[in-house]
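Visitor: this one's sequence-less:
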Ligand SMILES: Cc1cc2nc3c(=O)[nH]c(=O)nc-3n(C[C@H](O)[C@H](O)[C@H](O)COP(=O)(O)OP(=O)(O)OC[C@H]3O[C@@H](n4cnc5c(N)ncnc54)[C@H](O)[C@@H]3O)c2cc1C
């Protein structure tokens, strides 16, 4: 059994790490407000990323992308997340990767919607969450009703990333009057200028992310904008989130890795009571715990991504990876701040921003408690089967 990355991915990891050190981390002090990545800076980064061959890297080759797969995308995102400039969801130059639901489009839809994203002339959003429906997709109340050759969408979505700059997005809406799990959910491609569709915000989070509210008032989309069949929305959303949750795990790994590196550096350099911090048992205990935590979380994220690349994507593995990585990220950053003492909580030091950025990752794309619920239910099912088998 080999737990090491293949040579190709080690090279990708090294190349992106050097890019992050050379092009991204200096921006944390160079640009006046590190939460806002200026347009010209983003355009410059995009050009460099394209030159390096890392644009649209996770998109399958058949759709014009780099074909690096889930594990490759995770490796890149982990490195990119070591820097805190802008919002990681802006990709910091590593664009061209759509929400995975777009791979489910038919040929005509792919030409119109997926192609421009891979080329870099468009971006998308993915709207599931509503004021009354976050973790619980069954509570979605946005409705789409078929009227002639158009769907009329009415309702609202909340906390939607990237909506302001996107040319279109995927909106999940109920297409019958069923209740709970019986409710038929469907997914629609909605273009930005469609009458009746409005975008509100941004709403700023405590970290770098900005989110938007969307409202749909008799917003009419043609029937050819339905993805798959009516009723496919729940499956499409669930499959998409399985993939993007792994990416969320990678954000946490990157933040935690940088925090640990900073903690070790500080512990080696800082003298107190005549000795370096690294010589103290209390500090070694925090550093060794962070190192072990990070290794465990990385193994969970990498193995889940590897399984996904082999077509064995598994809800339990993804829940465990996302949930553990987010919790570990918070713990490792918190310990790094403690090791830095007063300088750790200064607003102009990167750890403070990392602490704020990391917090949201325990909530976005399914929050901690719900992932733990998924894990526990899965184990409960297995143990009941074993019990029945034994009796
Ligand atoms: C920065 C950011 C970006 C986002 N981007 C998008 C986006 O692009 N598209 C999109 O669709 N959504 C997006 N979201 C929404 C995000 O996915 C939801 O916030 C998340 O799923 C949680 O839903 P909620 O906020 O409604 O919390 P709720 O579901 O109301 O949960 C509230 C709390 O209760 C807990 N809880 C809920 N159910 C249970 C249970 N059964 N047992 C125990 N505890 C439970 C939760 O863990 C949580 O702690 C974004 C959110 C943020 C903050």
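Guide: Looks like it arrived, so ask away. Everything numeric in this text was worked out from a predicted model, so none of it was measured.

Visitor: switch to C-alpha atoms for all contacts and neighbour counts from now on
Guide: Noted.

Visitor: what does the stretch 151-300 of the chain have sitting close to the ligand?
Guide: With Cα under 6 Å from any ligand atom as the criterion, the stretch 151-300 of the chain comes near the ligand at residues 159, 160, 161, 209, 211.

Visitor: for the ligand, what are the nearby residues on the stretch 1-150 of the chain?
Guide: 126, 127, 128, 129, 133, 134, 135, 136.

Visitor: Return the subset of the residues you listed lying in strands.
Guide: 126, 127 (DSSP state E).

Visitor: who wins for most neighbours among the residues of the stretch 1-150 of the chain next to the ligand?
Guide: residue 128 (25 neighbours; other Cα atoms under 10 Å).

Visitor: Would you report the backbone torsion angles of the residue nearest to it when sequence neighbours are not counted?
Guide: Among residues not flanking residue 128 along the chain, residue 172 sits closest, at 5.4 Å (Cα to Cα, 6 or more residues apart in numbering). Backbone torsions of residue 172, given as degrees, to the nearest 10, read phi -100, psi 130.

Visitor: Provide the partner residues of residue 172 in its beta bridges.
Guide: As for beta bridges, residue 172 partners with residue 187 under DSSP bridges.

Visitor: So residue 151: helix, strand or coil?
Guide: Assigned by DSSP: H, G, I helix; E, B strand; the rest coil, the conformation of residue 151 is strand.

Visitor: Just the local confidence number for it, please.
Guide: Predicted confidence (pLDDT) at residue 151: the value is 98.

Visitor: Make 56 the starting number, not 1.
Guide: Fine by me, first position is 56 from now on; the one you just mentioned is residue 206.

Visitor: Was I right to think it contacts residue 276?
Guide: Yes: the pair residue 206 and residue 276 qualifies as a contact (Cα atoms under 8 Å) at a distance of 5.3 Å.

Visitor: in this structure, which helix has the most residues?
Guide: helix 288-324 (DSSP state H).

Visitor: Could you give the separation of the helix or strand immediately after it in the chain from the chain centroid?
Guide: Counting by DSSP states H and E, the next helix or strand C-terminal to helix 288-324 is strand 326-327. Remark: strand 326-327 is offset 39 Å from the chain centroid, using Cα atoms, centre = their mean, to the nearest Å.

Visitor: Also stretch 316-331?
Guide: 33 Å.

Visitor: Contact partners for the spatially most central residue of the chain?
Guide: The residue lying closest to the centre of the chain (Cα atoms, centre = their mean) is residue 303, at 3.6 Å. Residue 303 makes contacts with 377, 416, 420, as judged by Cα atoms under 8 Å, 6 or more residues apart in numbering.

Visitor: Give me the nearest residue to the second one, chain neighbours excluded.
Guide: Setting aside the residues directly before and after it, residue 416 is nearest to residue 381 in space (Cα to Cα, 6+ apart), at 5.8 Å.

Visitor: Not counting its own residues, what contacts stretch 262-273?
Guide: Residues contacting stretch 262-273 (Cα under 8 Å, 6+ apart): 90-91, 141-144, 207-219, 251-260, 408-409, 411-415.

Visitor: For the residue nearest to the centre of the chain, give me the pLDDT.
Guide: We have a pLDDT of 96 for residue 303.

Visitor: and it, how far is that from residue 75?
Guide: For residue 303, the distance to residue 75 equals 18 Å [Cα to Cα, to the nearest Å].

Visitor: do the same with residue 240
Guide: Remark: distance between residue 240 and residue 75 (Cα to Cα) = 40 Å.

Visitor: So if I had to pick from those two, which one is more boxed in?
Guide: Neighbours were counted for residue 240 and for residue 75 using other Cα under 10 Å; residue 240 has more, 28 against 19.

Visitor: what residues are up against residue 126?
Guide: If you count contacts by Cα under 8 Å, 6+ apart, then residue 126 has 357, 360, 361, 364 around it.

Visitor: Now name the helix or strand holding the closest residue in space to the first one that isn't next to it in sequence.
Guide: On the basis of Cα to Cα, 6+ apart, the spatially nearest residue to residue 357 that is not a chain neighbour turns out to be residue 126, at 6.3 Å. Under the criterion of DSSP H and E, residue 126 resides in helix 124-135.

Visitor: How far off centre is that helix?
Guide: On Cα atoms, centre = their mean, the centre of helix 124-135 falls 11 Å from that of its chain.
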